[in-house]
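Colleague: fold the following, please.
(chains A, B, C and D)
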Amino acid sequence: MSELDLAGRVELLERMWLIRAFEEKVSELFARGQVVGLIHLGIGSEGSAVGVCSALRSDDYVFGNHRSHAHAIAKGADVDRLMAEIAGKASGYCKGKGGSMHIAAPEVGFVTATGVVGGNVALALGAALTSVTTQDNRVSVAFFGDGAGQSGSLHESLNLAALWKLPVVFVCENNGYAEFSPLSAHTVVERLTDYASVYSIPTVTVDGGDVMEVRRAAVSAVARARAGEGPMFIEVLTHRLRGHYEGDPAAYRELSEREEWTVRDPVARFRAELEGAGVAADTIAATEAAARSRIASAAESAVAAPGPDPEEATTDVYAV
Amino acid sequence: MTAELRFIDAIHAGLQASLAADDAVVVIGEDVTYGGPFGATKGLADEFGRHRVRDTPISEATVMGMVTGAALTGLRPVVEVMFVDFITLAMDQLVNHAAKLHFMSGGQLRVPLTVRVQGGVRGRFGAHHSQSLESWFTHTPGLKVVAPAFPGDAKPLLAAAIANDNPVVYLEHRGLYWDKGPLHDDPVDGAVVRRPGTDVTVVSYSKMVHSALAAADRLADSGVEAEVIDLRWLAPLDTATVLESVAKTGRAVVAHEAVARGGLGAELAATIQREVFTELVAPVERVGAAFAPVAAAAALEDAFLPGVDEIERAAGSLMAFGPPPP
Amino acid sequence: MTPDLPEDQLVDLLRRMLVIRRFEESLIKLAGDFDIGHFHVYIGQESTGVPALAQLQEGDLAFTTHRNHGHLLARGTDPAAMVAEILGKATGTNNGKGGTLHIASPEHGFPTTSAVTGGCTPLATGAAFAFSRRKVDRVSVCLFGDGALEEGSYHESINIAALEALPVIYLCENNSLEALGQKANEYPSSTMAAAPLTDLAASFKVPTITVDGTDTGAVHGAMAEAIDRARSGGGPTFVEALTVRWPGNRPLWPQLATGVTDLTYAWDEGAIPQDHSKWHGAQDGVLRYTRELVTAGLVTTGDVLALDGEVSTQIEDAVQFALDSPYPDPESAFEGVYA
Amino acid sequence: MEDTREMLYAEALVGALRHQLATDDRVHIMGLYFLGLTPHRQMVAELRDEYLDRFYYPPIAELGYVGTAIGAAMAGLRPIVDIATASFMFEAFPQIINEAANTYYMSGGRTAVPMIFHFNHGVRGGGAAQHSHSPQAMLWNTPGLEIMAPSTPRDVKGLVKTAAASDNPTAWVDHVRLFDTSGPVPDDEDFAIPFGVADIKRAGSDVTLFASSWLVQRALEAAELLEQQGIDAEVVDPRTLSPLDEEAIIESVAKTGRLVVVDECHRRCGVGAEIMAVVTENAFGDLRAAPIRVTTADVPVPFSPPLEEHIEPTTDKIVAAALEVTGH
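Modeller: As a prediction, the model looks like this:
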């Protein structure tokens, strides 16, 4: 996959705005009580989600975690159905049964998300196994955070993926915090890529504030995987600009740290970069405006949509 | 005259047939290319290739997740967990993922996965290799559970499990592996009456069915006709067959090798009481293991394991309640 | 090489190794006569377990796996009570409730044996956590085979140990280099993409040492270093000892594949039979250590044979004790579920 | 009459932890989510600041840190380990089930595992399928574990005291919806509630409502509503499931002849099933109507509020079941 032309990069910015607008809207709806439950927002990680997913084919697989609205949108999920799901409506992707942590949009390759830290990594291995077995040449991606790095199942998965040369890309979004504490409280390891290197899995650490850098790493990882050369591990240094979940005051974070990251905001940075590259200010402003209006309408229809019929609660337990 | 097959060979034949019939079927587990500890998968790697019969590291958690992911995306994996006790290591993937993904996704996803596990008390293996954990699986919505008692059922039940679009836990009792029996082509949906009777219903599954039948023979000698039901499927549970029988006999014993506390016996006792309360002439009796881990010593293992005597005693105690109301 | 220890302690190490060797050989013979179930023998690893564990002090704890007999004996657990346990007798270490897979001997520093691969790694880490929190000068040793590294529990445990600088030693007995008598494709031993295995500790910034597990002196030295680090607050160490797996792993290879050990092979090369000459000549750590002691003049061949005679008698008595012991009262199966 | 003070469940819980830390230096606490993500969790943070060297905040590695706590219990500590959301216990199952529960028995009584596992269970509003588990049913068919499920501030204080003194591993099943409830708590520092002793939370003569944990509160609410219809309900709270006070349940049913079992576990093979079985085995002759279970339905917990409510054992459903079983 070649380097994107300017128009292609503007499309990436549009996608990043769509995520940013979506997440800000969810936060707003949560504050108003129109969305309930455990909501984890990905504001600040748009560069990672969009950078990685832009390197994928539409039939490649993505497996998300508890903080995966961004990944789903980046993979092409419909924002109306996504918003409706988070609002618990019948028109949502999962008919209101999954909610924010359990999004599934399989028709765009976003197979599923999970609320169990590290729980999706093995699932991604399985999709890669399917690809190897059926030789359909697809690639699987697992997004997980630095907190999942210390879960044993990640280590089991790295070993297995390396042994079997599975076409899987491990994307570790290292936002520096596992739930409410810094990574240093979870492990003495500083570069999470060390976990993968021991299994001879190639690794790279990239700046999540730079969507194009993320994309380049993903393009090379995906090419490797598709060529049958096995897994790769990408550590994306990123940040969440909100707390662990909506309602978390994030008192554990230093103010200066937040300010620094606001400056390194991937959306603002990419916008400035494109301006520098000569994209007209109007065009850029239009990307944000279009995204915000698209999301406003998604939110409006999600809030207005009817809740599911209670009787639906007992369907879909078994496939028939 | 149909061929007599050992239970373990029936499973082997079932795997072989499914691998041959459907390219999406893959067999995955520790040492499966070698044949596993009991030979269920012996030779399958040579016959179908190592891309369809794969050995894994000793990483139960990830292997269970991986086969779930493979099932989500088009394969029909049959994963072997060497001892049911080791499923403790894979519980998060089995319960939080495989069992729930169809529901959580609002029906968008399917997990056509078969989990073969062997367990039960046999061989003085001690508490880490002898547990009966089926009520965990029956307690988990989204999982189906099957527990064959006869070699003849083993193959068609395995085929049914593999063909099912849901995760199915296929429980094998290693104490049955060397039993021989004829093959049959009878349908394997739901429970089956193994021995008709009029006085008391004995409900069981897996290896305990054999104890139930032996107990029924003894009861017959003292003029008590026991009807023996082999559940075969523990989830979904064929309560209709059970209730029909108990409505007729008015008495029920539920027998299994798992501890009584919180076991399937409790579920059946609750259901029977609720549904045919007025027909019951006696309380539902449970025969299950004592509330203790499984000890390794032969003498203690034998004491732990309920069997023919306990079933006979339980049925006998129900007969003391007199005849059913007219 | 021999460990840097006084002579009486060097001979004591040999005694402990012989106890293990004769114990395991007796079990295999016993299994020919009785159905005593499934067990895993430690033959071929005595030169790892004995020098590693004999230097632990009272109060130090060790957590072991299904291949546990050698570890328990190395720290002095009574072989009679162990055979009795393996035979399911009331006089067994666990009164028949554990069997070979779960032998416990708290007074010898073995609270339990976990027979689930990777089961003991968190437990050993936890004991070290307790020592650290109780501020006592104790260490914990986690004993496991290379297969346990495939389990996530290992990674979670060593991460915590590194984070908290816990006094724990992870002693990995990598016995999958070669397994005598194993056929091609039979039980593929190691399914691990990492090599060397010590990388799996180094990535957590834990110091590692790799030793030849048949070299008693090298194992002793490595463990001494690791124990010293743990006691002085330096945190965990990962020791990998390389050994050959001997083929008496019931029920898979239920035979005395290389025969009953003949100690004269240690000094009489001509006596070594053609079959398994590599084993007797180089791979058997007990013969190697005996050879080293004799060559260094620390013991005479007569001393060795006399010691072996004593040990063999002790094991014969242990087996007899176990055979003569009563089975437990069946009712006791229902007791002792709760403390 | 004992001296008591009115307090929140959350306060009583933290007070019980504080008492254990103060009186037994073997007690160490792993994890901080005893009060979930509620604002009350600040109290746990304060307790940690008081006892900094007695707390350990673990990585998200349930298998590793829960096993570490179990090993520590074998080596002289009395850890209280918080697994937070009960759904995550499955990661730690190999250690809880195979090691903690079995070791005392397997070792022939030579190695005890004196510790507490704390879980927040149940439907809590929007937790969906992976954050709403009620683990009691799976845990209680594991011999060797003790299980306590307090329902009031008083009970949490008394039960924690007993669990901490026990040489067995105890699963402490808690419910986030209890934290804001309040009630009288004895001042007596040595106040303890023995395990295996049920509490009649409300005496009555017409129907027995069996409930534990948070659902005791709903059963009491239902009893009030039933009283308005002239039905006198007795609410039996077992307080501990393992050991289980079978006598108390049987006695109550002997008196009322009618039983509604309320249980937040899934129905099939849930706690409710076992209680029904115990009653039929021991009080069959006393039953005047078929007992009814009111449980969480046999479906994963759905996210959307109307779906969630539909599958929960609500007060209305308890009332309806009591009316049915009493023939109204």
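Colleague: so D:Lys161 makes contact with D:His19?
Modeller: Yes: using C-beta atoms under 8 Å, D:Lys161 is in contact with D:His19, at 7.3 Å. No exception for glycine: its C-beta is placed from N, CA and C like everyone else's.
Colleague: is D:Ile29 in a helix, a strand, or coil?
Modeller: Three-state assignment for D:Ile29 (DSSP: H, G, I helix; E, B strand; the rest coil): strand.
Colleague: pLDDT score assigned to it?
Modeller: Looking at D:Ile29, its pLDDT reads 97.
Colleague: quick one: contacts for it?
Modeller: Contacts for D:Ile29 were tallied using C-beta atoms under 8 Å, 6 or more residues apart in numbering or on different chains; they are D:Leu17, D:Leu21, D:Arg48, D:Tyr51, D:Arg54, D:Phe55, D:Tyr56, D:Pro79, D:Ile80, D:Val81, D:Asp82.
Colleague: in helices only, show me those residues.
Modeller: Judged by DSSP state H, the subset of the contacts of D:Ile29 located in helices is D:Leu17, D:Leu21, D:Arg48.
Colleague: can I assume the last one is in contact with D:Gln42?
Modeller: It refers to D:Arg48. No: assessed by C-beta under 8 Å, D:Arg48 is found out of contact with D:Gln42, at 10.5 Å.
Colleague: of these two, who's got more company?
Modeller: Neighbour count, other C-beta atoms under 10 Å in any protein chain shown: between D:Arg48 and D:Gln42, D:Arg48 has more, with 17 against 13.
Colleague: show the contacting residues for the more buried one.
Modeller: D:Ile29, D:Leu32, D:Phe55, D:Tyr57.
Colleague: if you count contacts, what does the helix or strand where C:Thr290 lies end up packed against?
Modeller: Here C:Thr290, judged by DSSP states H and E, is contained in helix C:285-295. If contacts are counted by 3 or more C-beta pairs under 8 Å, 6 or more residues apart in numbering or on different chains; DSSP states H and E, helix C:285-295 sits against helix C:7-33, helix C:46-53, helix C:216-231, helix C:301-324.
Colleague: which residues does C:Asp329 contact?
Modeller: B:Ala299, C:Ala90.
Colleague: so what's it scoring on pLDDT?
Modeller: Per-residue confidence at C:Asp329 stands at 91 (pLDDT).
Colleague: just D:Trp214 next, same as before
Modeller: On pLDDT, D:Trp214 comes in at 97.
Colleague: count of residues packed around the closest residue to it other than its chain neighbours?
Modeller: Spatial nearest neighbour of D:Trp214, chain neighbours left out: D:His175 (3.8 Å); criterion: C-beta to C-beta, 6 or more residues apart in numbering or on different chains. Using other C-beta under 10 Å, D:His175 has 27 neighbouring residues.
Colleague: on that earlier part again, and which of the ones in helices among the contacts of D:Ile29 is nearest D:Ser242?
Modeller: D:Leu17 (21.9 Å; C-beta to C-beta).
Colleague: and the gap between the closest one and D:Ser213?
Modeller: Applying C-beta to C-beta, to the nearest Å, the value for D:Leu17 to D:Ser213 is 18 Å.
Colleague: so for the two, which residue has more residues nearby?
Modeller: For D:Leu17 versus D:Ser213, the count of surrounding residues by other C-beta under 10 Å is larger for D:Ser213: 28 against 25.
Colleague: wait, what's in contact with the more buried one?
Modeller: D:Ser213 is in contact with D:His121, D:Gly122, D:Gln136, D:Ala149, D:Pro150, D:Ser151, D:Val173, D:Asp174, D:His175, D:Leu178, D:Glu264, counting by C-beta under 8 Å, 6+ apart.
Colleague: from those residues, which one has the minimum pLDDT?
Modeller: On pLDDT alone, D:Gly122 ranks lowest of these, at 89.
Colleague: dump the residue contacts of it.
Modeller: Contacts of D:Gly122 (C-beta under 8 Å, 6+ apart): D:Ala86, D:Ser132, D:His133, D:Ser134, D:His175, D:Val176, D:Arg177, D:Ser213, D:Trp214, D:Glu264.
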